[in-house]
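> Below are the sequence and a predicted model; questions follow.
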Amino acid sequence: MIIKTFVEGPISANNYLLIDENTRDAVLIDCSSPREEFVNAVKSENVNLKYLFLTHGHFDHILGCDKFKEVFNTEIYMGEKDTFQVEIASQMASYYCGIEPPQITSITNFVKDNDEFKFGNITVKAIATPGHTEGGICYIIDGKLFSGDTLFRESVGRCDLPKGNRKELLHSVKEKLFALPEDTEVYTGHGPKTSIGYEKLYNEINNG
Ligand SMILES: [Zn+2]
């Protein structure tokens, strides 16, 4: 599997384009900007963009969805409980970044805990990880974890935004993510990648 990282949008979120090199089928994890350069970079890979999976509904991860749906006609999936986050996305973007993006309307498919998808010969498995948002989802793809804002290198996502819940977040990380093999590489929603083994040792949540 080929992994291309695009840092995009008002809060520099990581968007990951994952490509099965045999079939050129691909998926995109998060879509934080409609920027033409981003669209063209994905176009230039000559892939069949089968799915767009969202880790959660915060504005800084979804602002490119309508554009990508229009250009690539891809199916967009998200945890259903984050519909609320999509509804308030413009408001939040205005409050935090002083921008007023149009309402995103293309997120029409929902993903649940343990759902599986295929692109090319590669399997995508969804893990529900509520806490940062109610409908937060992490994805395991080809043995790698795409953690959104649930788990970062040495930290976890904030829980002070609407419908955040620290207790649920800690449960999601400790019981679900830390149960994965220690050598699992973790591709985060912001900042550098990490691994489950490293986070079990060095994540801030270990200190209380
Ligand atoms: Zn977030």
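All right, it came through fine. Residues are numbered from 1 along each chain as shown.

> Spell out which parts of the protein neighbour the ion.
58, 149 (CB under 5 Å from the ion). Bear in mind the C-beta positions are built from the backbone N, C-alpha and C, glycine included.

> Work out for me the element the spatially most central residue of the chain sits within.
In the chain, the centroid-proximal residue (CA atoms, centre = their mean) is T55; its distance is 3.0 Å. For T55, there is no helix or strand it lies in under DSSP states H and E.

> ranges for the helices of the protein?
36-43, 59-62, 65-72, 83-87, 89-97, 166-171, 196-202 (DSSP state H).

> Out of the ones you listed, which gets nearest to P10?
With respect to P10, and counting by CB to CB, the nearest of the helices of the chain is helix 89-97 at 4.2 Å.

> Let me know whether the residue nearest to the centre of the chain touches S147 as I believe.
Yes. Using CB atoms under 8 Å, T55 makes contact with S147 at a distance of 7.3 Å.

> which neighbours do these two share?
Residues touching both T55 and S147 (CB atoms under 8 Å, 6 or more residues apart in numbering) are 138, 189.

> what's the distance between V173 and G131?
Counting by CB to CB, to the nearest Å, the separation of V173 from G131 is 8 Å.

> Quick check: which ranges of this protein have low pLDDT?
Residue ranges of the chain with pLDDT under 70: 208.

> Would you map the strands across it?
2-8, 13-19, 25-29, 48-53, 75-78, 109-110, 116-119, 122-128, 137-141, 144-148, 151-152, 155-156, 185-188, 194-195 (DSSP state E).

> what sits up against the first one?
Residues lying outside strand 2-8 but in contact with it, judged by CB under 8 Å, 6+ apart, are 13-19, 21, 32-33, 35, 38, 41-42, 45, 64, 144, 187.

> so how far is it off the chain centroid?
12 Å (CA atoms, centre = their mean, to the nearest Å).

> Direction included, what does that strand pair against?
The strands beside strand 2-8 in its sheet (DSSP bridges) come out as strand 13-19 (antiparallel).

> what's the offset of the partner strand from the middle of its chain?
On CA atoms, centre = their mean, the centre of strand 13-19 falls 9 Å from that of its chain.

> List the buried residues for stretch 155-173?
Using 16 or more other CB atoms under 10 Å as the burial criterion, the residues of stretch 155-173 that qualify are 155-157, 159, 163-164, 168-169, 172-173.

> no wait, stretch 83-96
For stretch 83-96, by 16+ other CB under 10 Å, it's 85-86, 88-90, 92-93.
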